[in-house]
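Chemist: just a sequence and a predicted model for now, questions to come.
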Amino acid sequence: MNESYKVAAIQMVSTPEVEQNFAAARKLVAQAAAQGAQLVLLPEYWPIMGMHEKVKLDHAEQDSAGKIQDFMATLAREHKIWLIGGTLPLASGEEGKVLNTSLVYDPSGKRVARYDKIHLFSFVCGEEAYDEARTIVYGNDVQTFDAPFGKVGLSVCYDLRFPELYRAMGDCALIVVPAAFTYTTGEAHWELLLRARAIENQCYILASAQGGKHVNGRRTWGHTMLIDPWGDIISVLPEGEGLVIGDIDPHRLQYVRESLPALKHRKL
């Protein structure tokens, strides 16, 4: 693959209403496709941000069956794009818990990859308290898939803090990070961690965020962005609904890796 490949990341401010979120995603993905995007990434929790954490249990779908999965497959097929569906709740088999799962569809609408989020977020700071493990089951397996421009590594939100996960993916041209970072942790660490992952893995990073004040009172950090293998930010959207778009340039990837062959210099 010698020519560049256009990718886009969608930023949403998801609500407790699935149909409302469908409408927002449909509009934004159509905009991205109209601008030439060949691969589109949705944010974590894009179909549902409920009034409380247990709401996701009511919307959990069986693997390969359900309206959220049908919606994503149709969207990929209609626009003839690779669609990485942020995350949705999938039935886990464990009572009172779901899997937080990222599904990938090819331009024919066929599902080609599934990643269950491995690292689950917990955080306490004053009034703010989160503990994903209360309602989510840990995933186990590192997942990548092959796109026309090279290998794509799958990760979600809190995974970003664990560099060993990204090393385990092997040589990727692109790594995606759909997320719903809190405002507090996002302001402190989001950009810093994304750029670090791009620099140490010498690849593109596409990060798709929730970005704004949600109906449930939660505030997410946003700053959806595309970062190149040198750690430079190509495009960023600070807050609100919208998208970022840019190119995966194989020549840029090759240039960075040849001029500073850090991946070849690893000892451990």
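Modeler: Cool, got the structure. Residues are numbered from 1 along each chain as shown.

Chemist: hey, where'd the helices end up in the chain?
Modeler: 18-34, 55-58, 67-79, 163-168, 183-185, 191-201, 250-259 (DSSP state H).

Chemist: of all the ones you listed, which lies closest to residue 213?
Modeler: helix 183-185 (9.1 Å; Cβ to Cβ). No exception for glycine: its C-beta is placed from N, CA and C like everyone else's.

Chemist: list the buried ones in that closest one?
Modeler: Residues of helix 183-185 classed as buried by neighbour count (16 or more other Cβ atoms under 10 Å): 183, 185.

Chemist: in a markdown table: the helices of the chain, plus mean pLDDT and distance to residue 10.
Modeler: Output for the helices of the chain, formatted as a markdown table (pLDDT from 0 to 100; distance: least, Cβ to Cβ, whole Å):
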| stretch | mean pLDDT | distance to residue 10 |
| --- | --- | --- |
| helix 18-34 | 98 | 5 |
| helix 55-58 | 93 | 20 |
| helix 67-79 | 98 | 11 |
| helix 163-168 | 98 | 22 |
| helix 183-185 | 94 | 19 |
| helix 191-201 | 98 | 16 |
| helix 250-259 | 98 | 23 |
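
Chemist: okay if I get these as a markdown table plus distance to residue 207?
Modeler: Below are the helices of the chain laid out as a markdown table (distance: least, Cβ to Cβ, whole Å):
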| stretch | distance to residue 207 |
| --- | --- |
| helix 18-34 | 15 |
| helix 55-58 | 22 |
| helix 67-79 | 19 |
| helix 163-168 | 13 |
| helix 183-185 | 14 |
| helix 191-201 | 5 |
| helix 250-259 | 18 |
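
Chemist: the ones you listed: which one's closest to residue 100?
Modeler: helix 55-58 (8.2 Å).

Chemist: can you list the low-confidence ranges for the stretch 151-268 of the chain?
Modeler: Nowhere does the stretch 151-268 of the chain drop to pLDDT under 70.

Chemist: all strands for it, in order.
Modeler: Remark: strands assigned in the stretch 151-268 of the chain by DSSP state E, counting those that start in this stretch are 174-179, 204-209, 224-227, 233-237, 242-248.

Chemist: okay, now the sheet partners of the shortest one, with direction.
Modeler: This points to strand 224-227. Applying DSSP bridges, strand 224-227 is found paired with strand 204-209 (antiparallel), strand 233-237 (antiparallel).

Chemist: of all those, which lies closest to residue 81?
Modeler: strand 204-209 (13.4 Å).

Chemist: and the contacts of that closest one?
Modeler: By Cβ atoms under 8 Å, 6 or more residues apart in numbering, the residues outside strand 204-209 that reach it are 7, 9-11, 41-44, 86, 173-181, 186, 190, 194-195, 197-198, 220-229, 248, 253.

Chemist: would you format the strands paired with strand 224-227 as CSV with mean neighbour count and distance to residue 132 included?
Modeler: Below are the strands paired with strand 224-227 laid out as CSV (neighbours: other Cβ atoms under 10 Å; distance: least, Cβ to Cβ, whole Å):
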stretch, mean neighbour count, distance to residue 132
strand 204-209, 29, 17
strand 233-237, 18, 25
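
Chemist: figure out which of these is closest to residue 142.
Modeler: strand 204-209 (16.4 Å).
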